[in-house]
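Visitor: Sequence and predicted structure below; questions after.
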Amino acid sequence: MSDLASRVRRRMAAGSGSGSGSDGSGLGLDLLVRDEAGVIADDAVLAGLRRDVEAELTGAGPLEPLLALPGVSDVLVNGPDDVWIDRGRGMERTPVRFADDAAVRRLAQRLACAAGRRLDDAMPFVDAALPDGTRLHAVLPPLTARTTVSLRVLARERHDLADLVRLRAMPAPLADVLDAIVAARLAFVISGGTGIGKTTLLGALLGRAPATERLLVIEDAAELVVEHPHLVRLVARAGNVEGTGSVGLRDLVRLALRMRPDRLVVGEFRGAEMIELLVALNTGHEGGAATLHANSAHDVPARFVALGGLGGLAAAAVTTLVASAVDVVVHLRRDRDGRRIVDEVAILDRAGDELRVASVWSVRAGVGAAAVRLATLIADRGQVVPELLR
């Protein structure tokens, strides 16, 4: 197929696709495929070849079938013969192959171009969003031995808490606790590693917010899938090839504060935007939420301090802001089978000049001593305390 696509590409570049659709689209592409493929009597075969060539020329090429698989969150290319996917059960190697590293490079450059970005020897890496929202990350040699491409696929369907219980991401009593946290308008962060399901869980919890509330969601890329009648989404914008025109998360948090939010949500803390959100949560904007990369719930305070440092805040100032702004940490991890699960729920508070994490519930230890304190927070907000915390 790559040979056929290469021949069609050369003829398109030479202007051979003349007539209707001379740019290679519509009838022009059909004629070129038929001409290069030889005599084809079966229209269905011709249509299939056309789809394959079109994917090779304008889509994700050999990766298109992988991107279309149900449940796929990541498609990873480590080289022409080293392609993997993740669909919630850990990494799976696929039989997909490219002709050579040059073919992988061509795909990476075409995808970068579709995202309005540059990828070449002068700019050998790219991190951008494709038109359909898919997240693209690509690196060219010599920064890596072979061209690598990482595609993060947007969630195609919404999961609510009942779905996550059915998928064994958490027990039903714990889902009741998370539901109560949202109803009580407690601020929370969801922590965990890359591709662990933080965005999926955040979307499920935001869907439990009352319909009378206005949600302002701020994201680096439009990933959250939320079913809520009053949600406003702000998405960051990267600079153009000249490096101008960028709008970052920090800018968007400031914008959101002027848009009458009931809840402020940041898809992921990445840097100094954390300061604006924490300040906002300390000025009456209850029920805020965000996701955060961390190895465990007990590592979250250190991550807050590190990110606050990027904004010029001393550790003591970060401790004060976080202790007043964030109530709960929900940490996710993969179990031995590769399934993404809620590992621990904890509360954050201040112990002198340090942040302290106290476990409410964990997979390993069950209900912790801090369950009583979380129950008190929920009851004080006028909500029914879930049975797991009694």
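Guide: Yep, that arrived.
Visitor: hmm, who's touching the helix or strand in which residue 378 is found?
Guide: For residue 378, the element it lies in under DSSP states H and E is helix 371-380. Helix 371-380 is contacted by residues 177, 180-181, 184, 186, 327-328, 345, 347, 358, 360-361, 384-386, 388-390 when judged by Cβ atoms under 8 Å, 6 or more residues apart in numbering. (Glycine included, C-beta is placed from N, CA and C.)
Visitor: Looking at these, which are in strands?
Guide: 328, 345, 347, 358, 360-361 (DSSP state E).
Visitor: where does residue 148 fall, phi/psi-wise?
Guide: With angles defined as degrees, to the nearest 10, residue 148 sits at phi -120, psi 140.
Visitor: tell me the centre residue of the protein?
Guide: Centroid check for the chain by Cα atoms, centre = their mean gives residue 223 as the closest residue, at 5.1 Å.
Visitor: follow-up on the earlier one: just the CA trace of the helix holding residue 378, in CSV.
Guide: Provided in CSV are the C-alpha atoms of helix 371-380 (Å, rounded to 0.1, in the frame of the first residue of the first chain):
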residue,chain,number,x,y,z
ALA,A,371,-12.6,9.0,57.3
VAL,A,372,-14.1,10.7,60.3
ARG,A,373,-12.7,14.1,59.3
LEU,A,374,-14.0,13.8,55.7
ALA,A,375,-17.4,12.8,57.1
THR,A,376,-17.4,15.9,59.2
LEU,A,377,-16.5,18.1,56.2
ILE,A,378,-19.3,16.6,54.2
ALA,A,379,-21.8,16.9,57.0
ASP,A,380,-20.8,20.5,57.7
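Visitor: Distance from the chain centre to it, please.
Guide: For helix 371-380, the distance from its own C-alpha centre to the chain's C-alpha centre is 31 Å (Cα atoms, centre = their mean, to the nearest Å).
Visitor: before we move on, what about stretch 308-328?
Guide: Distance, centroid of stretch 308-328 to centroid of chain: 24 Å (Cα atoms, centre = their mean).
Visitor: Show residues contacting that stretch.
Guide: By Cβ under 8 Å, 6+ apart, stretch 308-328 touches 181, 186-189, 271-272, 274-275, 277-279, 281-282, 288, 301, 304-305, 345-350, 353-355, 360, 374, 377.
Visitor: Turn the buried ones among the residues you listed into a named ChimeraX selection, would you?
Guide: A single ChimeraX command is used to select the members of the contacts of stretch 308-328 judged buried by 16 or more other Cβ atoms under 10 Å:
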select :181,186,187,188,189,272,274,275,277,278,281,288,301,304,305,345,346,347,348,355,360,374,377
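Visitor: still on that earlier bit, the nearest residue to the residue nearest to the centre of the chain once chain neighbours are set aside in helix, strand or coil?
Guide: Nearest residue to residue 223 in three dimensions, chain neighbours excluded: residue 199, at 5.0 Å (Cβ to Cβ, 6 or more residues apart in numbering). Here residue 199 is recorded as helix under DSSP: H, G, I helix; E, B strand; the rest coil.
Visitor: Residue 199 reaches residue 220, doesn't it?
Guide: No - at 11.0 Å, residue 199 does not count as touching residue 220 under the criterion of Cβ atoms under 8 Å.
Visitor: what touches both of the two?
Guide: Counting by Cβ under 8 Å, 6+ apart, the common neighbours of residue 199 and residue 220 are 267-268.
Visitor: Would you convert the ones in strands among the contacts of helix 371-380 into CSV that also reports distance to residue 116 and pLDDT?
Guide: Listed next are the ones in strands among the contacts of helix 371-380 as CSV, based on distance: Cβ to Cβ, whole Å; pLDDT from 0 to 100:
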residue, distance to residue 116, pLDDT
328, 38, 97
345, 41, 98
347, 43, 97
358, 46, 96
360, 45, 98
361, 45, 98
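Visitor: Relative to residue 172, which of the residues you listed is nearest.
Guide: Of all those, residue 172 sits closest to residue 361, with 12.8 Å by Cβ to Cβ.
Visitor: okay, now the residue nearest to residue 223: neighbour count?
Guide: Residue 199 has 22 neighbours, counted by other Cβ atoms under 10 Å.
Visitor: which residues does it contact?
Guide: When contacts are taken as Cβ under 8 Å, 6+ apart, residue 199 is in contact with 155, 223-224, 267-268, 291.
Visitor: Farthest-apart pair in those, please.
Guide: 155 and 268 (14.4 Å).
Visitor: out of those two, which sits in the busier spot?
Guide: With neighbours defined as other Cβ under 10 Å, residue 155 and residue 268 compare such that residue 268 has more, 20 against 16.
Visitor: can I assume that one is in contact with residue 221?
Guide: No - with contact defined as Cβ under 8 Å, residue 268 does not count as touching residue 221 (9.4 Å).
Visitor: mind checking how far residue 174 is from residue 364?
Guide: Counting by Cβ to Cβ, to the nearest Å, the gap from residue 174 to residue 364 is 14 Å.
Visitor: So for the two, which sits in the more crowded spot?
Guide: Using other Cβ under 10 Å, the more surrounded residue of residue 174 and residue 364 is residue 174, with 22 against 7.
Visitor: Much appreciated, bye for now.
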